[in-house]
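Engineer: using only what follows, build the 3D model:
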Amino acid sequence: MSSHRTITWDEESVTAISEGDGATGVLVAHGAGTNQEHPSMVALRAGLAAGGLRVMTFNYPYTERGAKRPDRQDKLLACHRAAADTLSGDVDTLFLAGRSMGGRMGTILVAEAYPAAGLVLYAYPLHPPGKPERLRVSQFADIDVPMLFFQGTKDTLSRMELFEEQISPLANVQVEILEGAGHGYRGGGWNVETITERYVKGTLDWIGTVSSGRTK
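Structural biologist: Below is the predicted model of the structure:
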């Protein structure tokens, strides 16, 4: 059963939803164009919780306001950190996961020394749309925890040749290739249900491996 919570920091607050009661926690952050009530986020939260994890999603401030344009990065990170702090108090081990922008914010937090056991990145936005020269990779030099990437071969925000050049060689990285998948949830034979099922299975398997110490 899911429960609603309030995340607070400074004079700000957002809503969060938690599910499951495991000792291992996963904080899942939404992408720029969705929120924690998107069907994919609901299914991901439920699926991971059914696999024995304590899972929490949350909204960034702009989604709470009903705005479409994301907040400044510093505000996104402050919210993300507050949400991680909230969940970390309930679990023994914390993983940070996120879709697109939410995953990127998680990598920046860990690069800034936030204590997480690992990162799960669904459709990481390696570069802005149509701007493959503006790579979002500088933070990875400061990350030493295991990372799992779900990479669609047709993702226009992460061209495959650039992903293989920039991400695949990083230490302690595992990649799940989604053949034909783009940056969204549909196309190439995929839909919200099938892509979320792949996310859930891959994440549960990987966290089990990391938690047992059998990472490569």
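
Engineer: list the buried residues in the helix or strand hosting Ser211.
Structural biologist: If you go by DSSP states H and E, Ser211 is part of helix 192-212. Within helix 192-212, the residues that count as buried by 16 or more other Cβ atoms under 10 Å are 195-196, 198-200, 202-204, 206-207, 209-211. Every residue, glycine included, has its C-beta placed from N, CA and C.

Engineer: so Thr34, which of the three states?
Structural biologist: coil (DSSP: H, G, I helix; E, B strand; the rest coil).

Engineer: the nearest residue to it once chain neighbours are set aside: neighbour count?
Structural biologist: Using Cβ to Cβ, 6 or more residues apart in numbering and skipping residues adjacent in sequence, the residue nearest Thr34 is Met41, 6.7 Å away. Neighbourhood size, Met41 [other Cβ atoms under 10 Å]: 23.

Engineer: what ranges do the helices span in this protein?
Structural biologist: 39-50, 61-64, 73-88, 101-111, 160-166, 192-212 (DSSP state H).

Engineer: now stretch 113-120: how far from the chain's centre is it?
Structural biologist: Chain-centre distance of stretch 113-120: 11 Å, with Cα atoms, centre = their mean, to the nearest Å.

Engineer: swap in stretch 91-103?
Structural biologist: On Cα atoms, centre = their mean, the centre of stretch 91-103 falls 5 Å from the chain's centre.

Engineer: tally up the residues packed near the closest residue to Arg69 other than its chain neighbours, please.
Structural biologist: Nearest non-adjacent residue to Arg69, counting by Cβ to Cβ, 6+ apart: Tyr62, 6.5 Å away. When neighbours are counted by other Cβ under 10 Å, Tyr62 registers 19.

Engineer: can you pull the contacts of Tyr62?
Structural biologist: Applying Cβ atoms under 8 Å, 6 or more residues apart in numbering, we find Tyr62 in contact with 68-71.

Engineer: in this structure, where is pLDDT below threshold?
Structural biologist: 214-216 (pLDDT under 70).
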